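1. Turn this into a model:
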Amino acid sequence: MTINNLLPRKIDSGRQIQVAHLAAEKEGISFQEARRRQAQSVAARRLGRPEEVGAACAFLCSTLAGYISGQNLCLDGGTYPALV
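-> Coordinates of the predicted model:
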């Protein structure tokens, strides 16, 4: 048995859309500008895609990852919070 964690950060989801709407309203900017800022806050300069989270999960559940256990897989586009 293996036990691992997926730690997604900014994934392009309904929640990030909601956050962008709130930021746009609060900061008096357009929704598009709020989305651009979301992407720019990630080292990869884009939000993660839901299918990337699914692929990571599928890998960790596969026999290819059978010897990986006790790991935290950060899905953060290279933006580790402790380093920013």
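2. Distance-wise, check the nearest residue to Glu27 once chain neighbours are set aside relative to Ile68.
-> Nearest non-adjacent residue to Glu27, counting by Cβ to Cβ, 6 or more residues apart in numbering: Ala34, 7.3 Å away. (C-beta placed from N, C-alpha, C; glycine too.) From Ala34 across to Ile68, the span is 37 Å (Cβ to Cβ, to the nearest Å).
3. of those two, who's got more company?
-> Ala34 (20 against 13; other Cβ atoms under 10 Å).
4. Secondary structure element holding the more buried one?
-> Per DSSP states H and E, Ala34 falls inside helix 31-40.
5. That helix - contacts with which helices or strands?
-> Here helix 31-40 touches helix 14-27, going by 3 or more Cβ pairs under 8 Å, 6 or more residues apart in numbering; DSSP states H and E.
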